[in-house]
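**Student:** Fold the following and give me the result.
(chains A and B)
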Amino acid sequence: NAGVTQTPKFQVLKTGQSMTLQCAQDMNHNSMYWYRQDPGMGLRLIYYSASEGTTDKGEVPNGYNVSRLNKREFSLRLESAAPSQTSVYFCASSEVPGIAGGNEQFFGPGTRLTVL
Amino acid sequence: GENVEQHPSTLSVQEGDSAVIKCTYSDSASNYFPWYKQELGKGPQLIIDIRSNVGEKKDQRIAVTLNKTAKHFSLHITETQPEDSAVYFCAARSLNSGGSNYKLTFGKGTLLTVNP
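**Tutor:** A predicted model of the protein is given here:
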């Protein structure tokens, strides 16, 4: 199993350009997440999808859109990139978290994005 | 919302010594506390977690302790080895029996360096 895969690994954009970050998981997980990681800021949740067909805002959703294409894939779109969106982006997946389990999140290797 | 503070931000120890990383949380409803390890260039990976009905949990050289009254929890690594060098993140979330809470709040991370 590949686990969680992300493409691309690296990307450089100019201010105002758009792009889509792709994420796929092969663990048959219901829930998927997008985080950004900035130096000294830890991991911050951008959007999440509790299950196929649903998406919800996280802590820092402004400037981003997401699409849960199917159970395997969850994409993150930057419509008009800004320098403040320079970051490392991680996708993660899990079973439905709750008392009975499903709490471990499995992370992809990340996409390093630079916006000039 | 939840706020998680993590200390120290950097920690350097000699091989064989113990390392302790501490976190505090603000939301008394939080009852699930995972720790993630992130190696250079990779995504975070769960190493241990604890629920609020347990005061301590051990897994070989790693242990986590929880003080619900004081709202703090700690990661203890004994007999450290060079391969323990990484960034460690604590996190907190509430698990609801009546539903699921998907939002995990992370601390800002601790860079642990184990010197041979």
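**Student:** all strands for chain B, in order.
**Tutor:** Secondary structure of chain B by DSSP state E: the strands cover B:4-7, B:10-14, B:19-25, B:32-38, B:45-51, B:56-59, B:62-67, B:72-77, B:86-92, B:105-106, B:110-115.
**Student:** can you list the ones you listed in a markdown table and add mean pLDDT?
**Tutor:** Compiled in a markdown table, the strands of chain B are given as follows (pLDDT from 0 to 100):
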| stretch | mean pLDDT |
| --- | --- |
| strand B:4-7 | 97 |
| strand B:10-14 | 98 |
| strand B:19-25 | 98 |
| strand B:32-38 | 96 |
| strand B:45-51 | 94 |
| strand B:56-59 | 94 |
| strand B:62-67 | 96 |
| strand B:72-77 | 97 |
| strand B:86-92 | 97 |
| strand B:105-106 | 94 |
| strand B:110-115 | 97 |
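**Student:** Among those, which comes closest to residue A:2?
**Tutor:** The minimum distance between residue A:2 and the strands of chain B falls on strand B:45-51, with 15.1 Å, by CB to CB. C-betas here are computed from N, CA, C, even on glycine.
**Student:** which residues does the residue nearest to residue B:83 when sequence neighbours are not counted bridge with?
**Tutor:** For residue B:83, ignoring the flanking residues on the chain, the nearest one in space by CB to CB, 6 or more residues apart in numbering or on different chains is residue B:114 at 7.9 Å. Residue B:114 has these beta-bridge partners by DSSP bridges: residue B:13.
**Student:** do you know how far residue B:114 is from chain A?
**Tutor:** According to CB to the nearest CB, to the nearest Å, residue B:114 and chain A sit 21 Å apart.
**Student:** so who does residue 25 touch?
**Tutor:** Defaulting to chain A. By CB atoms under 8 Å, 6 or more residues apart in numbering or on different chains, the contact list for residue A:25 reads A:3-5, A:32, A:72, A:91, A:93, A:106.
**Student:** my question was about chain B
**Tutor:** In this structure, residue B:25 makes contact with B:2-5, B:33, B:71-73, B:92, B:105, judged by CB under 8 Å, 6+ apart.
**Student:** any idea how far it lies from chain A?
**Tutor:** 13 Å.
**Student:** For that residue, name its beta-bridge partners.
**Tutor:** For residue B:25, the beta-bridge partners under DSSP bridges are residue B:4.
**Student:** What of residue A:115?
**Tutor:** Taking DSSP bridges as the rule, residue A:115 bridges to residue A:13.
**Student:** number of nearby residues for the closest residue to chain B within chain A?
**Tutor:** Using CB to the nearest CB, the single residue of chain A nearest to chain B is residue A:107, 3.1 Å away. When neighbours are counted by other CB atoms under 10 Å in any protein chain shown, residue A:107 registers 22.
**Student:** can you check residue A:47 too?
**Tutor:** Using other CB under 10 Å, residue A:47 is surrounded by 22 other residues.
**Student:** Without its sequence neighbours, what residue ends up closest to residue 11?
**Tutor:** Went with chain A since none was named. residue A:113 (5.1 Å).
**Student:** Please refer instead to chain B.
**Tutor:** In this structure, residue B:11 finds its nearest non-sequential neighbour in residue B:112, 5.0 Å apart by CB to CB, 6+ apart.
**Student:** any idea whether residue A:27 is helix, strand or coil?
**Tutor:** Secondary structure state of residue A:27, per DSSP: H, G, I helix; E, B strand; the rest coil, is coil.
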